[in-house]
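Asks: I need the structure of the sequence given here:
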Amino acid sequence: MDARGYVGDFIMNRETGDLKPEFYDLLLENGSLKVLYIYDIILLRAYQGYGYGKYIVKDILCRFDNAAGLVLAIVYPLQLDSASWLPSMQYHRMDKDLEYSSFKLYRYFLDLGFEQVERTNYFYINPGKVNEKLKAIDLEQLFDKEYYDNLIK
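Replies: Model (predicted):
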């Protein structure tokens, strides 16, 4: 098992193999027993810091909101993974402190409206519930050349 854990641990009781009651109820509430699992969201270093990540997350959630009863993520700072696969990511320039890097990522997902399971690196969001934080992210800005020209200046 790597530092992320197993996705099944997030929603299932490992001993019994049953869904945890809170997630079973959530899935039933949304009318789908399907789970969308976000494993990694990776942006090349040149594209980090411009807000693309929040648009990517919202786009994923919009595309799958009718198909998934639950969206979950196990959040882990990739720069701490010894198998970091792409030199152009420049992981060596990123903070190597697990607690600090994790805190930043956790805050990011919380700011997008995800909920944290207790004090773990497991996060989930109910795609069937109106989420004011995600609602505020305007996907049309992705196509607004003036917005990005001003952002890059």
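Asks: dihedrals phi and psi, residue 115?
Replies: phi -110, psi 140 (degrees, to the nearest 10).
Asks: before we move on, what about residue 74?
Replies: Dihedral pair for residue 74: phi -110, psi 110, per degrees, to the nearest 10.
Asks: for residue 73, same thing?
Replies: The phi/psi pair for residue 73 (degrees, to the nearest 10) is phi -150, psi 140.
Asks: quick one, what contacts it?
Replies: Counting by CB atoms under 8 Å, 6 or more residues apart in numbering, residue 73 makes contact with 37, 38, 39, 109, 114, 122, 123, 124. Bear in mind the C-beta positions are built from the backbone N, C-alpha and C, glycine included.
Asks: quick one: which of the residues you listed is nearest residue 62?
Replies: residue 38 (13.5 Å; CB to CB).
Asks: re the thing from before, using a markdown table, please lay out the contacts of residue 73 together with neighbour count and secondary structure.
Replies: Shown next, in a markdown table, are the contacts of residue 73 (neighbours: other CB atoms under 10 Å; DSSP: H, G, I helix; E, B strand; the rest coil):
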| residue | neighbour count | secondary structure |
| --- | --- | --- |
| 37 | 14 | strand |
| 38 | 19 | strand |
| 39 | 10 | coil |
| 109 | 19 | helix |
| 114 | 25 | coil |
| 122 | 20 | strand |
| 123 | 23 | strand |
| 124 | 21 | strand |
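Asks: would you point out which residue is most central in the chain?
Replies: In the chain, the residue lying closest to the centroid (CA atoms, centre = their mean) is residue 73, at 5.1 Å.
Asks: ok, which stretches of the protein are strands?
Replies: 35-38, 70-74, 115-116, 122-125 (DSSP state E).
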